[in-house]
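> sequence first, predicted model second:
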Amino acid sequence: MAAPNSIKPFSTEESQRILRHLQQPAVFMNMTCGWPVLHWTAEHLSGCLADKLIRFRLGSKEEKNTPLFETQCTYVEAELVHFLNWTRGQSGTDVGAFSEFPYSEYWAYADYKYIAILFQDQPSMFEDVKWSDFGFEARNGRESTLWIGTEGANTPCHLDSYGCNLVLQVQGRKRWYLFSPEDTRKLYPTRIPYEESSVFSQVDVLHPDLRRFPDFQRARVHIVTLSPGEVLFVPRHWWHYVESLDPITVSVNTWIELEVDNVARVSEAVTKAVVCAIKSAQRDDNTDNWLNPTEEGVTSHNENMQYVNLAVRACAQKQKDVCHSKLTQDPRDTRPAKRDSGGQIRKNSDPVRDSAPFNIPFGPHLISVRCQREDSPETREMTPKDLGVKSSRNCAGKSQKDCTVSLGARPRTEPASAVVRHQGKHECAPGLTQCGARDCADGTSENSSDDYEESRHAIITTNDLLDCLVHPDVITRVTELLLGRHTGNHRTTAPSWL
């Protein structure tokens, strides 16, 4: 049984208010004391799930310069006990389907497993997850996903189109690399492989190919290592790459839409219609495995257009409701109307509380995940090797503020250092804000002429065409035009992060 809220650092109401105001990643400490889910180690879950088969995604531990997307992975179905035996170095029938994959060469990940499906015959286990402590009274394990992996298991860098994430680390540690929505263009977004709720980065953020993706070296990374009992808040549209650090890791995630973004839903509907239409066309270069395994299947153009129409109508109705509320609002009340997650005006709001300024209570129980210069006191425990840059004694002739950190500059054999906790903060180092040595003064590569000659003779593929059609700027403009056509308001603006 969970401990009462009185011993938590934040009440449910305080947690809700914090989450609604947070615009950056943050770690909640001491909020999960007494949660039964903290006993969900892989060994415990193996006993609960018995002989139930679980699908694992396997990837090679060999370093690459390109992301290992889920469409490129190998998949096996095995019992959790087989997984545990495999991680202990056993072989043969003791490891089931893992027998063909040497543990020294592969990592394994049972990712995005819906707890509601895994434990459909044990619904009492849903209550082990207490998201109600964060103000979500009706949310528990039923609305959560389970992630079990080995060291090196990872998810490609991506952003979630809708909502935000709360992530509870149960066993082992995971390192999170996060990027602000402002860095979207520096991460070279792509919709292939296609997943409706995710946009992927073309960059392997740990081992980037800076010749192909030169702007990435100016992206500012926020790094945090999540330990058992801690809860990470990932705001909407923040990019993230996640990697398991320990032999076995277990975490529980829940996705929350604090406020419905109907304009984003229109953009996603448009994107889905375009991608499915183009990728369903017959052409020799259009046979790649483009649909992410998390998607149920390819929907017809008729279904996709129905989705577009429903999304546009919902967005138009919300805009109409907003206009109506402004007309009916007391002219003496200059405060914006407060709305719930469904877009409806909140009733019985407290004018004093709603109008009062709110300072997020960062401290020992709520730690901001921020970028930090290498030469700050907070990062003094990091070694130059960890940070991937020369030590300050080698920065002769430079001011200390010039000795910044770039993911692109890190040696390929060394991952970024774990964030150290000091004075109540998780810290990391920012990406470079100046052009690298390989770049010319005008921002072009020294080999740009060779690249240009090569590109002149390159054949434009279907995926090249598709990348242009679903480019963030193009989808944004199409969304604006569709909403303007439907509402007569040609000033509607779609979110620029898409």
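Ah, there it is. Numbers count the residues shown, from 1 in each chain.
> in three-state terms, label residue 45 for me.
Reduced to three states with DSSP: H, G, I helix; E, B strand; the rest coil, the structure at residue 45 is helix.
> what's the burial count for it?
In terms of burial, residue 45 registers 24 neighbours under the definition other CB atoms under 10 Å. Every C-beta, even on glycine, is put in place using the N, C-alpha and C of the backbone.
> repeat for residue 14
A count of nearby residues for residue 14, using other CB under 10 Å, gives 16.
> list the contacts of the closest residue to residue 249 other than its chain neighbours.
The shortest distance from residue 249 to any residue other than its chain neighbours is 3.5 Å, reached at residue 172 (CB to CB, 6 or more residues apart in numbering). Contact criterion CB atoms under 8 Å, 6 or more residues apart in numbering gives 228, 244, 245, 246, 247, 248, 249, 250 as the residues in contact with residue 172.
> can we see that at 6 Å?
Contacts were defined as CB atoms under 6 Å, 6 or more residues apart in numbering; by that measure residue 172 touches 246, 248, 249.
> same question for residue 151.
Each residue near residue 151 by CB under 6 Å, 6+ apart is listed here: 244, 246, 247.
> that older thread, next, format the contacts of residue 172 as a markdown table and append pLDDT.
As requested, these are exported to a markdown table (pLDDT from 0 to 100):
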| residue | pLDDT |
| --- | --- |
| 246 | 98 |
| 248 | 98 |
| 249 | 98 |
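> take these and keep only those in helices.
With helices identified by DSSP state H, none of the entries of those belong to them.
> any low-confidence regions in the stretch 251-400 of the chain?
Counting by pLDDT under 70, the stretch 251-400 of the chain contains low-confidence ranges at 324, 326-356, 372-400.
> ranges for the helices of it?
For the stretch 251-400 of the chain, helices defined by DSSP state H, counting those that start in this stretch occupy the ranges 262-279, 301-328, 351-355, 384-387.
> what's the most buried one of the ones you listed?
Mean neighbour count (mean count of other CB atoms under 10 Å) peaks for helix 262-279 among those, with a mean of 21.
> and the gap between the nearest residue to residue 308 once chain neighbours are set aside and residue 126?
Once its chain neighbours are removed from consideration, residue 308 has its nearest residue in residue 269; the separation is 4.4 Å (CB to CB, 6+ apart). Spatial separation of residue 269 from residue 126 under the definition CB to CB, to the nearest Å is 31 Å.
> and what of residue 465?
Here the distance between residue 465 and residue 126 works out to 45 Å (CB to CB).
> the more surrounded of these two?
For residue 465 against residue 126, the residue with the higher neighbour count under other CB under 10 Å is residue 126, and the figures read 18 against 11.
> mind checking pLDDT for that one?
On pLDDT, residue 126 comes in at 97.
> and for the one 3 residues further on?
pLDDT, residue 129: 98.
> close enough to count as contact, it and residue 144?
Yes: using CB atoms under 6 Å, residue 129 is in contact with residue 144, at 5.4 Å.
> list residues touching both of the two?
Shared between the contact lists of residue 129 and residue 144 (criterion: CB under 6 Å, 6+ apart) are residues residue 252.
> of the two, which one has the most company?
Shown here are residue 129 and residue 144; by other CB under 10 Å, residue 129 has more neighbours (26 against 23).
> how near is that one to residue 219?
Taking CB to CB as the measure, residue 129 and residue 219 are separated by 33 Å.
> and if you look at residue 487?
Taking CB to CB as the measure, residue 487 and residue 219 are separated by 36 Å.
> neighbour count for those two, which is higher?
Relative neighbour count places residue 219 above the other of residue 487 and residue 219, with 27 against 17, counting by other CB under 10 Å.
> ok, and the closest non-adjacent residue to residue 74?
Counting by CB to CB, 6+ apart, the nearest residue to residue 74 once its immediate chain neighbours are dropped is residue 58, at 4.6 Å.
> quick one on the thing from earlier: any idea which of the contacts of residue 172 is closest to residue 237?
When the contacts of residue 172 are compared for distance to residue 237, the smallest value, 25.2 Å, is given by residue 249; criterion: CB to CB.
> wait, doesn't that closest one sit right on residue 149?
Yes: A contact is recorded between residue 249 and residue 149 when judged using CB under 6 Å, the distance being 5.2 Å.
> can you give me the neighbour number for the nearest residue to residue 278 once chain neighbours are set aside?
The shortest distance from residue 278 to any non-neighbouring residue, by CB to CB, 6+ apart, is to residue 466 (5.0 Å). Residues contacting residue 466 under the criterion other CB under 10 Å number 21.
> quick one: work out the angle between the one helix or strand residue 466 maps to and helix 262-279.
Residue 466 is part of helix 462-469 when elements are defined by DSSP states H and E. With axes from the mean of the first three to the mean of the last three CA atoms, to 10 degrees as the basis, helix 462-469 and helix 262-279 are set at 160 degrees to each other.
> quick one: contacts of helix 462-469?
The list of residues contacting helix 462-469 from outside it, by CB under 6 Å, 6+ apart, reads 192, 274, 278, 283, 285, 286.
> what average pLDDT does that helix get?
94.
> picking up where we left off before, just the contacts of residue 151 now: which is nearest residue 325?
Residue 325 has its nearest neighbour among those in residue 244, at 46.6 Å by CB to CB.
> list the contacts of that closest one.
With contact taken as CB under 6 Å, 6+ apart, residue 244 is in contact with 149, 151, 153, 174.
> next one: residue 86
95, 98, 103.
> nearest spatial neighbour of the residue nearest the centre of the chain, chain-adjacent residues omitted?
Among the residues of the chain, the smallest C-alpha distance to the mean C-alpha position (CA atoms, centre = their mean) belongs to residue 240, namely 3.9 Å. Closest residue in space to residue 240, ignoring its immediate chain neighbours: residue 178 at 5.0 Å, by CB to CB, 6+ apart.
> so how far is stretch 49-69 off the chain centroid?
18 Å (CA atoms, centre = their mean, to the nearest Å).
> show the average pLDDT along it.
Confidence over stretch 49-69 (mean pLDDT, whole number) is 94.
> other residues contacting it?
Under CB under 6 Å, 6+ apart, the answer for stretch 49-69 is 73-77, 79-80, 101, 105-110, 152, 156, 193, 204, 207, 209, 412.
> C-alpha coordinates for stretch 264-277, CSV please?
Coordinates of each C-alpha in stretch 264-277 appear next as CSV, following Å, rounded to 0.1, in the frame of the first residue of the first chain:
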residue,chain,number,x,y,z
ALA,A,264,-1.1,19.5,-34.1
ARG,A,265,-3.7,16.8,-34.8
VAL,A,266,-4.6,18.3,-38.1
SER,A,267,-0.9,18.4,-39.0
GLU,A,268,-0.5,14.8,-38.1
ALA,A,269,-3.6,13.8,-40.1
VAL,A,270,-2.2,15.6,-43.1
THR,A,271,1.2,13.9,-42.7
LYS,A,272,-0.3,10.5,-42.4
ALA,A,273,-2.4,11.0,-45.5
VAL,A,274,0.6,12.1,-47.5
VAL,A,275,3.0,9.4,-46.3
CYS,A,276,0.5,6.5,-46.8
ALA,A,277,-0.5,7.8,-50.2
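> could you chop the chain up by domain?
The chain breaks down by automatic domain parsing into domains covering 5-172+230-256, 260-322+445-498.
> okay, and the beta partners of residue 201?
With DSSP bridges as the criterion, residue 201 is bridged to residue 189.
> residue 275 and residue 196 touch, don't they?
No: look at residue 275 against residue 196 with CB under 6 Å: they stay out of range, at 9.3 Å.
> re earlier: and the helices of the stretch 251-400 of the chain: which comes nearest residue 114?
Shortest separation from residue 114 across the helices of the stretch 251-400 of the chain is recorded for helix 262-279, at 20.9 Å, computed as CB to CB.
> in PyMOL, select just the buried ones from the contacts of stretch 49-69.
Command for PyMOL, covering only those of these found buried under the criterion 16 or more other CB atoms under 10 Å:
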select buried, resi 73+76+79+80+101+106+107+108+109+110+152+156+193+204+207
